[in-house]
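*Asks:* just coords:
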């Protein structure tokens, strides 16, 4: 093979042609030392091929012109000038990727692109919302995409946030309002965070202490102490919304405390809390321990509300595009797997051990399968108690921002849609879902109905003002 | 019977009384209900409920945990030995950092009564601050959770050392110093041959107090930050309301704390003197 047509195109002495004057061994038998710097590995050959075709095309294939030009301006200048207009490295990587994908049997098979980083740390708070993030480890979803991930248990969301900002975590399980708040710098330093995917929808509950069994009407809750897992959480916003609909001002009539989820049951038992709106399994665990009962599931407040999310810094995504893409695929795949009811029992078994949730498997099973005891003597069957749907609707982001505004977490005027679109990567998620062969919605905004009241994402400010109970 | 033998017998006697009372007042949390309805089954009536463990249950758990103290089931589930090892490592790092800084500075403060008085109010304000109060600040500034826990140990353990060193240096007997002066010793020589040996017993008292504080701090810090260490172990078991493991780790914390304390007091014996 006359490989010297793949000689260094940036060298004035190399001959890339095989014309009459060609001096290569393939054309002549004489020992001409024209071959100077031939690529050896497959990848290098591809790289050289890309370089050569671009350089050759610049000179219409006239090799004399090329050599004269390089002689005049110098190889370094020429290369620099070329690089400033053509992203040579990216093109080479792209061709290499495609080549590998084709060789390895089609574009769907992942792990082919060069991963910038394969060893990742991902934080999680031990709750069932994190199911896709956690189960990807024992069930091999990260591995499938060529990633070696350690999922690190974290004591609470403030710590998850700080460890993410510190870059101890490459990506983390977060609450859907957190990346919005972090990007705006509300309650933390401002850092651009992105939320490529939602983890779960629904899956939370209002749990009350057994002594309140006869106080099922929220109007009777004046003076109650409630726990929520974090200020910037759906739990906080849903609880506030719920009690406000019953005429209670959450800032005056009840007390809302931030309690890390794992400490909820112990606090309920000790009487520090009258109830909480918290992630599972801690609602079901309270029932299991005979401490509390489930007042209602949050799906009754907002069917299909988002809860937890998979988030990382914008910096991580731009610096490690291939790793990020692989991780994203793993998460979407796992989320889709979790959404199927037939897989739920196996998932419960996989995430129950000490290394992950550290909870009795039967408790997790009740949460995931939706066949559960409510603590009041009933066995209920609610298959959609928790759902997994990765699509981060921009309208959900806007709703969350309206609630931040409503309760005074954000004081200044904000551009709701702009922030939601910057942080929630709905279009990207949709594309990824389609790439992996799942159905994705085509719109990124829709109207939501929360406790019978419609929310139109086009008029966020009017929506905030439509509530009587709010921080004015 | 000698006094020592009597005290040993009394100790053992107390242990038995404690075990018997412990067994009597605690349950095993078993809810072995037979022929359960579906509701009862979901309520976990056939499984163990969270409960305060009796001494025997804790002992059984201790045997199980200590027979395999270095197992590794992934980043969030490691053996008690590994966890203690991580905690001790962090304590040592923070503690020695404060030794390196506290002793020379304490020495200087002690040599100058003016400085001693001037710095006293600041030290008194900083001394009682809880490690948990330092943690958010440390995490924010240092941007590394392990370094933050080391820093918190450092900042909490430095004060007793500093005060005791300064106090020890200040209360060296005038007679000793006068002897040095008559021998025309240089200041440096005086510091190393007279003041340091004379102040060492007081310094060691500070070192002992600080070691105790470091060990208190690490548990709190690790409970907050998580990851590894005995504090994380306690927190992780608390998640699961597994109080037997919590009690077991409390005992381990006590034993290691006692060991660390006796280590310092053992070393300090070599530097004691009788007047």
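*Replies:* Sure, I can see it. The structure displayed is predicted, hence computed values, not measured ones.

*Asks:* So, low pLDDT: which residues of the stretch 101-250 of chain A?
*Replies:* A:101-113, A:188 (pLDDT under 70).

*Asks:* so where's the longest helix in chain B?
*Replies:* Taking DSSP state H as the criterion, chain B has its longest helix at helix B:80-111.

*Asks:* hmm, that helix in reach of chain A?
*Replies:* No - counting by Cβ under 8 Å from any Cβ of the partner chain, no contacts exist between helix B:80-111 and chain A, the nearest distance being 12.3 Å. Quick note: C-beta positions are derived from backbone N, CA and C, even for glycine.

*Asks:* And the helix or strand that that helix is followed by, what does it pack against?
*Replies:* Using DSSP states H and E, the helix or strand that follows helix B:80-111 in sequence is helix B:113-126. Under the contact criterion of 3 or more Cβ pairs under 8 Å, 6 or more residues apart in numbering or on different chains; DSSP states H and E, helix B:113-126 touches helix B:80-111, helix B:145-170.

*Asks:* Give me the packing partners of whichever helix or strand comes after helix B:113-126, helices and strands only.
*Replies:* For helix B:113-126, the succeeding helix or strand toward the C-terminus, using DSSP H and E, is helix B:131-142. Helix B:131-142 is packed against helix A:157-165, helix B:145-170, helix B:196-225, with contacts defined by 3+ Cβ pairs under 8 Å, 6+ apart.

*Asks:* Quickly find the element holding residue 268.
*Replies:* Defaulting to chain A. helix A:264-270.

*Asks:* oops, I was thinking of chain B
*Replies:* Per DSSP H and E: helix B:243-268 holds residue B:268.

*Asks:* Domains in chain A, by residue range?
*Replies:* A:3-103, A:119-201+A:306-359+A:389-394+A:403-465, A:204-300 (automatic domain parsing).

*Asks:* mind listing what's buried in the longest helix of chain B?
*Replies:* By neighbour count with 16 or more other Cβ atoms under 10 Å in any protein chain shown, helix B:80-111 contains the buried residues B:80, B:82-88, B:90-91, B:93-95, B:97-99, B:102-103, B:105-107, B:109-111.

*Asks:* list the contacts for the residue positioned nearest the centre of chain B?
*Replies:* Centroid check for chain B by Cα atoms, centre = their mean gives residue B:215 as the closest residue, at 1.7 Å. By Cβ atoms under 8 Å, 6 or more residues apart in numbering or on different chains, the contact set of residue B:215 is B:91, B:253, B:256-257, B:260.

*Asks:* Same check on residue A:423?
*Replies:* A:179-180, A:183, A:193-195, A:397.

*Asks:* Give me the subset of those residues lying in helices.
*Replies:* Under the assignment DSSP H, the contacts of residue A:423 contribute A:179-180, A:183, A:397 to helices.

*Asks:* Return the entry from those residues with the maximum number of neighbours.
*Replies:* residue A:179 (32 neighbours; other Cβ atoms under 10 Å in any protein chain shown).

*Asks:* Flag every buried residue along the worst-scoring helix or strand of chain B on mean pLDDT.
*Replies:* In chain B, no helix or strand scores lower on mean pLDDT, DSSP states H and E than helix B:38-42, which sits at a mean of 79. For helix B:38-42, the neighbour count (16+ other Cβ under 10 Å) marks B:39-40, B:42 as buried.

*Asks:* Save the helices and strands packed on helix B:113-126 as CSV, and put in mean pLDDT too.
*Replies:* Formatted as CSV, the helices and strands packed on helix B:113-126 follow (pLDDT from 0 to 100):
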stretch, mean pLDDT
helix B:80-111, 90
helix B:145-170, 89
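
*Asks:* Report the secondary structure state of residue B:32.
*Replies:* coil (DSSP: H, G, I helix; E, B strand; the rest coil).

*Asks:* ok, it - contacts?
*Replies:* Each residue near residue B:32 by Cβ under 8 Å, 6+ apart is listed here: residue B:46.

*Asks:* So what does it have for phi and psi?
*Replies:* Per-residue torsions, residue B:32: phi -80, psi 60 (degrees, to the nearest 10).
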